[in-house]
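K.L.:
Sequence and predicted structure are below.
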Amino acid sequence: MKRLLTLALSLLLVFMLAACGQAETDHTENTLAEIPEQFILIEGGAFLMGSPESEAWRGEDEAQHEVAVSDFYICRYELTQAEYEEVTGSNPSSFTGEYRETTVEIGSFFPNKFGLYDMHGNVSEWVWDYYGAYEPGEQTDPTGPAEESLRIYRGGGSSDTIFSAAAGPVLK
């Protein structure tokens, strides 16, 4: 019995050592192969977010602070309503019919310096973040509140007033 136990422990040790000797799988190659052609790598950086206290119409929830963002991929074109409907099966627009304001085809304007089209104007982008006051102090890849009732939209659309439009941050 003692020999059987020694043999079993020896085999277990051999299997454990063999497993430790295997190369770690490189998931980067698989991930990069799955990135669609229309996606562009945006290199991370830092920028100043929020408004200075001296700015006219500044809200109490706009504390100015530095934000660092890691590298990420984004599609060079906005998602179209047809693409949205294809995935979700519904039309999210509350502006339909002959009286809705018209939009332009994606890619109608020159791209910005990152190679992204239509980031300002045309339609607003509904983004992942929930609404929440900006936290003071430096932040890296902030995600905002975990749960709230209001989502954020950015970019500006035809129904936005000019004082609420902004060019956005410049990465440094």
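P.N.:
Alright, I've got the coordinates.

K.L.:
what's the neighbour count on Thr140?
P.N.:
Neighbourhood size, Thr140 [other CB atoms under 10 Å]: 11. In this view, the C-beta of every residue, glycine as well, is placed from N, C-alpha and C.

K.L.:
Could you measure from it over to Met49?
P.N.:
Going from Thr140 to Met49 by CB to CB, to the nearest Å gives 12 Å.

K.L.:
Could you name every residue contacting both of these two?
P.N.:
Val67 (CB atoms under 8 Å, 6 or more residues apart in numbering).

K.L.:
Show me where the protein has its strands.
P.N.:
Using DSSP state E, the strands found in the chain span residues 39-42, 45-49, 65-69, 72-75, 125-130, 139-140, 151-154.

K.L.:
Tabulate the ones you listed (a markdown table), appending mean pLDDT and distance to Pro111.
P.N.:
Formatted as a markdown table, the strands of the chain follow (pLDDT from 0 to 100; distance: least, CB to CB, whole Å):
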| stretch | mean pLDDT | distance to Pro111 |
| --- | --- | --- |
| strand 39-42 | 94 | 9 |
| strand 45-49 | 94 | 18 |
| strand 65-69 | 94 | 20 |
| strand 72-75 | 93 | 12 |
| strand 125-130 | 76 | 16 |
| strand 139-140 | 91 | 27 |
| strand 151-154 | 76 | 17 |
